[in-house]
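Asker: have a look at this prediction, sequence included:
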Number of protein chains: 2
Amino acid sequence: MKEAIDFWFDFSSPYSYLLSEKIDDLAARHDRQVRWHPILLGIVFKATGSAPLTLQFPPKATYSILDFQRSARYMGIPYRHPDKFPLATQHAARAYYWLDGRDGALARRFGHAVFRALFAENRDVSAPETVLELAASLGIERTELEAGMQSEPMKARLKEEVETALRLGIFGAPYVVIDGEPFFGADRLPQIEQWLATGGF
Amino acid sequence: MKEAIDFWFDFSSPYSYLLSEKIDDLAARHDRQVRWHPILLGIVFKATGSAPLTLQFPPKATYSILDFQRSARYMGIPYRHPDKFPLATQHAARAYYWLDGRDGALARRFGHAVFRALFAENRDVSAPETVLELAASLGIERTELEAGMQSEPMKARLKEEVETALRLGIFGAPYVVIDGEPFFGADRLPQIEQWLATGGF
């Protein structure tokens, strides 16, 4: 097995959702695992002087929503733009890291559940209650997770991940790193595939 | 022949250069012509509160230059990031419109020559002298073009094109419109191809 690749994202990022539906299978076909790193884009945007696409110049915001939907159709992924958007994802991110420390495969299933709840089912995943419900539907014990996602170590873990992202120069999401080579955006998927297949081009 | 598609760009935009190398052939395979619209992104960015990628947050600028080069390799197009960048392109744009009013095919060859001079040969296409030299190498009479590109009608034409772009909500380049459907970025080429092939998806 070659070195794992890193997938940096925010659970509230539409293009991160699109990439999340493809990246694990793509990596597996090239004998790679993927490390998922949920982060908080709000902090990244504050540090970099940027903003979510839908809060930018109105024609750009309108185009972005059209493009989220069309890109999803192009990739064969269900998409329903959420009524509440953008939204805070620290609870989902901390829950992800807490689960990942116990059962990586279960954390991955939980991650997909969060993305799909938000971008296919219009659910408000910023609410701790929604996060706990999604976890419960995967058989995760509710009280334990609730304590875990509110714990100081998980708050510290998320903070560290965001700081690491900023130190790496990550300015948006999704952001994938393969053996040091950075790829920004779900639309870099064909280049990611080529890079994995050939080791660079 | 179906309705022509519109290709909005600035001669100083790297991703516009990449798309310019593909869009005419792609359109022709689907029985379409392409209308080229050089505009001035500086004015668009001022109106939209944006900036060239290479003048944004330093890690984003660094990534962008890496991505221009890698995307060019991925697409099989020569690329050498210009020493002078960004740069003004009003002379090249006005020359394009002047030529287009006389000989559309020649204007297209001139457009490719400008893009390639800037992004493959590191030439300063902001200088009227360079624009005239490139045109001369295509057999275009120098004195006539010089007068044409400095004429009031060509100044007005470029201004109108930029105003039209802003009215259409164009916020960056390249920006392609097919039967009213907008596509922003060279990385939307696969979606453009699918759209042309199927009439929508």
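Answerer: Now that the structure is in, tell me what you want to look at. Numbering: from 1, shown residues only, chains lettered A, B, ... in the order given.
Asker: what's the offset of the lowest-mean-pLDDT helix or strand in chain A from the middle of its chain?
Answerer: Ranking every helix and strand in chain A by mean pLDDT, DSSP states H and E puts helix A:41-48 at the bottom, with a mean of 92. Remark: helix A:41-48 is offset 15 Å from the chain centroid, using Cα atoms, centre = their mean, to the nearest Å.
Asker: quick one: buried residues of it?
Answerer: Going by neighbour count (16 or more other Cβ atoms under 10 Å in any protein chain shown), the buried part of helix A:41-48 is A:41-45, A:48. The C-beta positions use only the backbone N, C-alpha and C, and glycine is treated the same way.
Asker: next up, the contacts around the residue lying closest to A:Y175 once chain neighbours are set aside.
Answerer: Once flanking residues are discounted, A:Y175 sits nearest to A:W8: 4.3 Å by Cβ to Cβ, 6 or more residues apart in numbering or on different chains. By Cβ atoms under 8 Å, 6 or more residues apart in numbering or on different chains, A:W8 lies in contact with A:37, A:39, A:165, A:168, A:170, A:173-177.
Asker: please redo it, this time with the cut-off set to 6 Å
Answerer: If you count contacts by Cβ atoms under 6 Å, 6 or more residues apart in numbering or on different chains, A:W8 has them with A:37, A:39, A:165, A:170, A:173, A:175.
Asker: closest to chain B out of those?
Answerer: A:I170 (7.5 Å; Cβ to the nearest Cβ).
Asker: how deep is that closest one tucked in, by neighbour count?
Answerer: Neighbourhood size, A:I170 [other Cβ atoms under 10 Å in any protein chain shown]: 27.
Asker: could you find the closest non-adjacent residue to it?
Answerer: Spatially, and ignoring its direct neighbours in sequence, A:I170 is nearest to A:W8 (5.4 Å; Cβ to Cβ, 6+ apart).
Asker: picking that back up, give me the subset of the buried residues of helix A:41-48 touching chain B.
Answerer: Restricting those to those near chain B by Cβ under 6 Å from any Cβ of the partner chain leaves A:T48.
Asker: now for the buried residues of helix A:41-48: which two are most distant?
Answerer: A:G42 and A:T48 (11.1 Å; Cβ to Cβ).
Asker: before we move on, what SS does the residue nearest to A:I170 have?
Answerer: A:W8 falls in the strand class when you classify it by DSSP: H, G, I helix; E, B strand; the rest coil.
Asker: which residues does it bridge with?
Answerer: As for beta bridges, A:W8 partners with A:H37, A:Y175 under DSSP bridges.
Asker: which helix in chain A has the most residues?
Answerer: When chain A is parsed with DSSP state H, its longest helix is helix A:58-75.
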